[in-house]
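A.B. asks: Have a look at this fold, sequence not included:
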Ligand code: NAI
Ligand code: MG
């Protein structure tokens, strides 16, 4: 792998626009204004491609959170947003999408700098994905509707009934660092379309694009207090949001561990909770596939976004008859996925988000080796001047008891196993606490449908992976989550249903 050692991993210079934004004074966005925190605490902003500290964001205090929730509460309670004509809400959301589109290049650069992902990937996936979420959900504002039943006669009079769909209220929305703006858009779009108000907390590692989005809120025409951004740590600011008595709903994407904690903490006030959590998604390759086209797809299923994807295809099951060829085909993609700095135009895979995550990923690889796994590809960190890079890695000679097979690694590491028949692989695929995604690669339609029905996962992909359609629901089985985002179910998650029964 000579190509890999020759790559310069020095981060490239930032554009003046991005540099200016990153150098801004740390502030919070509350009531359509940039405000100082009640205390001086900040969190360092790091560029994972270089490991350098490049700026600061506010580490919000309890008082800051309370202030943001109060703004969202007031904006919800007086109906300044939910009371607008649905088409007016829809237009404002479309305007936000348009503004995002007009600034897409800057957003892609900031996301790349903050997260470590290639700017080209952010420009192709994250930013257009966020725009799609806004546009798709904007349309629901005017399409949400209740039901009526035919009036009927009782001894005391005629009974007329209907249902009303009403916004849930004030939403606390907590997102992770792997797709910062896209995850934020997944949360805010249905909430805004439904008429809710919200407080958004990006992950402490990646707050920049949520703050940049706040710049566009006033221009788009949102009334004050509808959209608020708090930056800060999970166990402090996030925790305050989850337990706040004036919050009606919590929506969270992140680790299963914190999802369970949030579910517990939201219980005292019995908030509505939506959880999008971790995964250990299986990818099954049947013997009939065209290996030449399948192997790169299977590699992309794990190496895209450096494996920091909730639906990453991190457990590969290839039929014994094609196993060696599939692995050879995947190994051939190593130069394509060689990690590079986020602003290198050649980059397809970037850095891992942080030293902590880098060490965690390397720790899993070491544990796998200790348990008896062999490295078929990668398994190490490439040379770099700072920055948190891991080479794309394939582990073989693994068994279902190993931590590398059972636990979410959240890095560019796949464990590859052989199988012989359909029932066996269905059982192996389901041998996990998670149930988020699954991939099936076959040309045989019957096999595809049989296996799709057997695998317990919220989304099953056939001959592709991690393709997201805004119009379709996304959610997890088992310990991968509660509820759905996107599609009709996505908007339902932000609506209450009121039944009205009137005796005329
Ligand atoms: P995390 O689940 O701790 O953080 C996600 C978000 O939750 C962040 O905004 C954080 O500030 C917030 N948070 C943390 N503790 C909280 C609390 N007590 N109350 C309210 N909010 C809280 O994830 P972390 O620590 O960044 O990563 C750890 C592991 O989680 C990763 O190695 C990966 O396995 C998994 N993960 C999964 C993601 C997914 O999309 N399924 C995304 C990010 C991480
Ligand atoms: Mg954490």
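C.D. replies: Sure thing, it's come through. These figures come from a predicted structure and were not determined experimentally. Ligands and ions are numbered 1, 2, ... in the order given.
A.B. asks: Quick check: residues of the chain near ligand 1?
C.D. replies: 174-178, 201, 203-204, 233-235, 238-239, 242, 253-255, 258, 261-262, 277-278, 310, 357, 360, 408, 410 (C-beta under 6 Å from any ligand atom). No exception for glycine: its C-beta is placed from N, CA and C like everyone else's.
A.B. asks: Mark which of the residues you listed are buried, thanks.
C.D. replies: Buried positions within the residues of the chain next to ligand 1, assessed by neighbour count (16 or more other C-beta atoms under 10 Å), are 174-178, 201, 203-204, 234, 238-239, 242, 253-255, 258, 261-262, 277-278, 310, 357, 408, 410.
A.B. asks: Which secondary structure elements does the helix or strand residue 57 falls within sit against?
C.D. replies: Element membership of residue 57, judged by DSSP states H and E, is strand 52-58. For strand 52-58, the packing partners by 3 or more C-beta pairs under 8 Å, 6 or more residues apart in numbering; DSSP states H and E come out as strand 42-47, helix 208-220.
A.B. asks: Make a markdown table from these and add mean pLDDT and mean neighbour count to it.
C.D. replies: Output for these, formatted as a markdown table (pLDDT from 0 to 100; neighbours: other C-beta atoms under 10 Å):
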| stretch | mean pLDDT | mean neighbour count |
| --- | --- | --- |
| strand 42-47 | 98 | 19 |
| helix 208-220 | 98 | 21 |
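A.B. asks: now those as JSON lines including distance to residue 74?
C.D. replies: Output for those, formatted as JSON lines (distance: least, C-beta to C-beta, whole Å):
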{"stretch": "strand 42-47", "distance to residue 74": "27"}
{"stretch": "helix 208-220", "distance to residue 74": "16"}
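A.B. asks: Need the mean per-residue confidence for stretch 132-143.
C.D. replies: Across stretch 132-143, pLDDT averages out at 98.
A.B. asks: Identify all contacting residues around the helix or strand hosting residue 451.
C.D. replies: Assigned by DSSP H and E, residue 451 falls within helix 445-454. Applying C-beta atoms under 8 Å, 6 or more residues apart in numbering, the external contacts of helix 445-454 come out as 284, 286, 288, 422, 425, 426, 429, 430, 440, 442, 460, 462.
A.B. asks: and the buried ones among the residues of the chain next to ligand 1, which of them are in helices?
C.D. replies: Of those, the ones assigned to helices by DSSP state H are 239, 242, 258, 261, 262, 357.
A.B. asks: Quickly name whichever of those residues is closest to residue 127.
C.D. replies: residue 357 (22.8 Å; C-beta to C-beta).
A.B. asks: so what pLDDT did that closest one get?
C.D. replies: At residue 357, pLDDT is 98.
A.B. asks: ok, back up a step: tell me which residues in the helix holding residue 451 are buried?
C.D. replies: Using 16+ other C-beta under 10 Å as the test for burial, helix 445-454 gives 447, 448, 450, 451, 454.
A.B. asks: could these go into CSV alongside distance to residue 325 and pLDDT?
C.D. replies: Converted to CSV, the buried residues of helix 445-454 look like this (distance: C-beta to C-beta, whole Å; pLDDT from 0 to 100):
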residue, distance to residue 325, pLDDT
447, 19, 98
448, 20, 98
450, 24, 97
451, 20, 98
454, 25, 98
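A.B. asks: what stretches of the chain score poorly on pLDDT?
C.D. replies: Residue ranges of the chain with pLDDT under 70: 1-5.
A.B. asks: what about residue 190, distance to ligand 1?
C.D. replies: For residue 190, the distance to ligand 1 equals 18 Å [C-beta to the nearest ligand atom, to the nearest Å].
A.B. asks: Contact partners for that residue?
C.D. replies: Contacts for residue 190 (C-beta under 8 Å, 6+ apart) come out as 137, 140, 485, 490, 491, 493, 494.
A.B. asks: I'd say the third one and residue 493 touch.
C.D. replies: In this case it means residue 485. Yes - the criterion here is C-beta atoms under 8 Å, and residue 485 meets it with residue 493 at 7.2 Å.
A.B. asks: Find residues that contact each of those two.
C.D. replies: In contact with both residue 485 and residue 493: 190, 274, using C-beta under 8 Å, 6+ apart.
A.B. asks: Which parts of the stretch 251-400 of the chain are helices?
C.D. replies: Taking DSSP state H, counting those that start in this stretch as the test, the helices found in the stretch 251-400 of the chain are 256-265, 291-303, 323-331, 334-337, 355-370.
A.B. asks: returning to that earlier point: buried ones among the contacts of residue 190?
C.D. replies: For the contacts of residue 190, a burial check counting by 16+ other C-beta under 10 Å picks out 137, 140, 485, 490, 491, 493, 494.
A.B. asks: Mind picking the two most distant members of those?
C.D. replies: Using C-beta to C-beta, those span at most 12.7 Å, a distance reached by 140 and 485.
A.B. asks: For the helix or strand encompassing residue 162, list every residue counted as buried.
C.D. replies: Using DSSP H and E, residue 162 falls within strand 157-167. In terms of neighbour count (16+ other C-beta under 10 Å), strand 157-167 has its buried residues at 165, 166, 167.
A.B. asks: cool, and stretch 110-130?
C.D. replies: Buried residues in stretch 110-130, counted by 16+ other C-beta under 10 Å: 110-123, 125-130.
A.B. asks: same check, this time on stretch 410-430
C.D. replies: Those would be 410-417, 419, 425-426, 428-430, for stretch 410-430 by 16+ other C-beta under 10 Å.
A.B. asks: List the contacts of the residue nearest to the spatial centre of the chain.
C.D. replies: Computing the C-alpha centroid of the chain and ranking residues by C-alpha atoms, centre = their mean puts residue 183 first, at 4.3 Å. By C-beta under 8 Å, 6+ apart, the contact list for residue 183 reads 175, 176, 253.
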